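Asks: using only what follows, build the 3D model:
(2 chains)
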Amino acid sequence: MPKKVEKAKGVAKKTAKSASAGKSSSKKATKKIEKVEEEIMLQPPRGMRDLLPGEQPYWAQLRRVASKLGHEYGFQRIDTPVVEYANLYTRSIGEGTDIVDKEMYTFTTRGGDKVALRPEFTAGLCRAYIQHGMNVLPKPVKLFSIGPVYRYDRPQEGRYREHWQANFDIFGEQDAVLDAQVIQLAHRVVTSLGIKNVQFQINSIGCPKCRNEYQDLLVAYLESKKQKLCQNCKKRLETNPLRVLDCKEDKCMQVAANAPQSVDHLCNECHVHFKSLLEYLDELDLPYVINPRLVRGLSYYSKTVFEIWSGDEEGKKHSLGGGGRYDYLVETLGGEHTPAMGFGLGLDRLVAEMKRVKAKTYVEPKPKVFLAQLGDLAKKKSLKLFSELQKNGILVAESFGRGSLKSQLRVADRLGVEVTLIVGQKEALDETAIMKDMVSGTQENVSHEKLVNAVKKILKNNVVVSNNVL
RNA sequence: GUGGCUAUAGUUCAAUGGUAGAACACUGGUUUGUGGUACCAGGUACGAGGGUCCGAUUCCCUCUAGCCACCCCA
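Replies: Just a heads-up that it's a prediction; the model follows:
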């Protein structure tokens, strides 16, 4: 029986004990009690986690870098719902893909609608693009999103059921220069975070026309070697033959090594497109390799596909993000023909990587002034003083809930403030405060109206000493 | 979805077939309105369910969760 982890332990234990003491005679009764006291699971659902204050500096830095660069490249922020109708994804990502077949968070609403938590951004963006008639906007339309996405996967390092992505998509432009620019942007985001060891894997899977021709060739080839493939790949042969190229089984890799490659069977248009992309990339001085076996798990891609790999020393590599061109998706979903290109970055993995390389983080400015109070009257006065100081641009910390001056000063010290203002009964009565310089230890009495300037003066003098926060 | 390892205070770790300790952290105090250090005091834990046993946190089973590998991807 999958029972819950119970943390209301005292209660729960008593229930359990009285249950066993009462034996079978009171089974029904105990069951009822258990139901009433239905335990709260003091943990999130599997594969989901809290991002605690301690690691927010990494996330803040990440958000800043991503949205700043997005802005500089002309992207506009858009937020689409976390939940969409499930068939939006089955239609776009495609049946036969792992995402749709086994990783979708699908459920039925009270109203009977089949919906799903978004497994990625692109489909929702396309829906919004079509719905709001963005095709009338000057092209290209560049959209940027950041938020959680969901995959019902089995969790392990760097893989969560709820994870965050930053997503960049460009609609309405088919020129390969955009592909290059998108890849450049991805590169700049990652390197701006201080992550150095990355490599881009690039491939072209052609357009529907040449891919179908290629796929026929591939299937014919694979059929001839069918005995040598693993169980999974035998199935893939029916559902998603391209993925056989991606299989990590030794025998499949051997078969794949001699398989026809999509790059060799591109139609003229796709060939030219890929070639010019590579020419642009060569201009960019960016670490990429052509990986003819890179396929990607979403079936809407055409022509360019790419992934960003981080390689740490031990050769253990994992994907930080990926994307590609999807010239036919908008059309598939019912819009007008709109070439498009985009990519997503896995923020959880970027943060992990940032930690690994001890990347720069963004820390909110810390208060340099502490306001201590003593006694009822002083407490009343200091609440107002607190906001007065802040209105004048002085960040103030406090611990109003504490009584003794000693404990307040201890907190002040631990926060590393430079000035502590002390308001006691006496000061409260004559509208003054003791201004204590925490560095030198000296203190003086200052009237309320002179306080702001006096504090600013001390902070200014101390600036050189304490400017090492960021 | 498959396989392996793990599960003790907020955290990092101990010990034990007779219901558990430390460190750090937290709260308060060390005379009356002044910081670090030191000292004192205090609260908090055996993931859940079942079995073996006089007795289980300890042994066994199941579940759950976490980690790792596969798979897949971000």
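
Asks: low-confidence ranges, the stretch 201-350 of chain A, go.
Replies: A:312-316 (pLDDT under 70).

Asks: spell out which parts of it neighbour RNA strand B.
Replies: A:232, A:243, A:246-249, A:295-298, A:307-308, A:316, A:318-322, A:344-346, A:348-349 (CB under 7 Å from any atom of the strand). For glycine as for every other residue, the C-beta is placed from the backbone atoms N, C-alpha and C.

Asks: report the buried members of those.
Replies: Among these, those classed as buried by 16 or more other CB atoms under 10 Å are A:243, A:246-247, A:249, A:295-298, A:307-308, A:318, A:320-322, A:344-346, A:348-349.

Asks: among the residues you listed, which are in strands?
Replies: Among those, the members falling in strands (DSSP state E) are A:E307, A:I308, A:H318, A:L320, A:G321, A:G322, A:G344, A:L345, A:G346.

Asks: doesn't A:K317 make contact with the first one?
Replies: No: counting by CB atoms under 8 Å, A:K317 is not a contact partner of A:E307; they are 10.1 Å apart.

Asks: ok and the residue in the stretch 51-200 of chain A nearest RNA strand B?
Replies: Going by CB to the nearest atom of the strand, RNA strand B is nearest to A:E157 of the stretch 51-200 of chain A, at 2.6 Å.

Asks: same thing with chain A?
Replies: Closest point on chain A to RNA strand B, by CB to the nearest atom of the strand, is A:G297, at 2.0 Å.

Asks: so what does that residue have for phi and psi?
Replies: Here is the backbone geometry of A:G297 (degrees, to the nearest 10): phi -90, psi 10.

Asks: ditto for A:K139
Replies: Main-chain torsions, A:K139, degrees, to the nearest 10: phi -90, psi 150.

Asks: and A:G401, by the same measure?
Replies: According to degrees, to the nearest 10, A:G401 has phi -70, psi -20.

Asks: before we move on, what about the one 10 residues further on?
Replies: For A:V411, the backbone dihedrals (degrees, to the nearest 10) come out as phi -60, psi -40.

Asks: what's the neighbour count on it?
Replies: Burial of A:V411 is recorded as 17 neighbouring residues (other CB atoms under 10 Å).

Asks: return the residues in contact with it.
Replies: Neighbouring residues of A:V411 by CB atoms under 8 Å, 6 or more residues apart in numbering: A:F370, A:A397, A:S399, A:R402.

Asks: do the same with A:Y214
Replies: With CB under 8 Å, 6+ apart, A:Y214 has these contacts: A:G206, A:P260, A:S262, A:H265, A:L266.

Asks: tell me how many other residues crowd A:L137.
Replies: Neighbours of A:L137 (other CB under 10 Å): 13.

Asks: where's it relative to A:Q76, distance?
Replies: Per CB to CB, to the nearest Å, A:L137 is found 10 Å from A:Q76.

Asks: now do A:A378
Replies: 50 Å.

Asks: so for the two, which residue has more residues nearby?
Replies: A:A378 (21 against 11).

Asks: strands of the stretch 101-250 of chain A, residue ranges please.
Replies: Under the criterion DSSP state E, counting those that start in this stretch, strands of the stretch 101-250 of chain A are mapped to A:105-108, A:114-117, A:141-150, A:162-171, A:198-204.

Asks: picking that back up, how about the residue of chain A closest to RNA strand B, what does it touch?
Replies: A:T97, A:D98, A:I99, A:R243.

Asks: between those residues, which sits nearest A:Q390?
Replies: Proximity of these to A:Q390 (CB to CB) peaks at A:I99, which lies at 47.6 Å.

Asks: please work out how many residues are found near the closest one.
Replies: 19.

Asks: can you check the pLDDT for it?
Replies: We have a pLDDT of 87 for A:I99.

Asks: in a helix, it, correct?
Replies: Yes: checked against DSSP: H, G, I helix; E, B strand; the rest coil, A:I99 lies within a helix.

Asks: distance check, it against A:H265.
Replies: 26 Å.

Asks: go on, A:G47?
Replies: Counting by CB to CB - A:G47 and A:H265 are separated by 39 Å.

Asks: what pLDDT does the spatially most central residue of chain A get?
Replies: With distances taken as CA atoms, centre = their mean, A:W164 lies nearest the centre of chain A, 2.3 Å away. Here the pLDDT value assigned to A:W164 is 95.

Asks: is it true that it touches A:P148?
Replies: Yes: in this structure, A:W164 is within contact of A:P148 by CB under 8 Å, at 5.4 Å.

Asks: is RNA strand B within reach of stretch A:122-132?
Replies: No: where contact is defined by CB under 7 Å from any atom of the strand, no part of stretch A:122-132 touches RNA strand B; the two come within 9.2 Å at best.

Asks: and that stretch, how far out from the chain's middle?
Replies: 20 Å (CA atoms, centre = their mean, to the nearest Å).

Asks: for the record, mean pLDDT for that stretch?
Replies: 97.

Asks: ditto for stretch A:136-145
Replies: 96.

Asks: kindly report the same for stretch A:398-407.
Replies: Here the average pLDDT along stretch A:398-407 is 87.

Asks: stretch A:54-68 now?
Replies: Per-residue scores along stretch A:54-68 average to 94.

Asks: touching RNA strand B at all, it?
Replies: No: contact of stretch A:54-68 with RNA strand B (CB under 7 Å from any atom of the strand) is absent, the minimum separation being 10.8 Å.

Asks: ok, A:A180 - how many residues close by?
Replies: There are 22 residues near A:A180, going by other CB under 10 Å.

Asks: let me fix that, I meant to ask about A:G133.
Replies: 9.

Asks: measure it to A:L178 for me?
Replies: 22 Å.

Asks: same question for A:L329.
Replies: 15 Å.

Asks: these two: which has the busier surroundings?
Replies: A:L329 (27 against 22).

Asks: just give the closest residue to the more buried one, not the sequence neighbours.
Replies: Nearest non-adjacent residue to A:L329, counting by CB to CB, 6 or more residues apart in numbering: A:Y300, 4.4 Å away.

Asks: same check, this time on A:F274
Replies: A:S204 (4.0 Å).

Asks: list the contacts of the one you found.
Replies: A:S204 neighbours (CB under 8 Å, 6+ apart): A:S262, A:V263, A:L266, A:C270, A:H273, A:F274, A:L277, A:K303, A:T304, A:V305.
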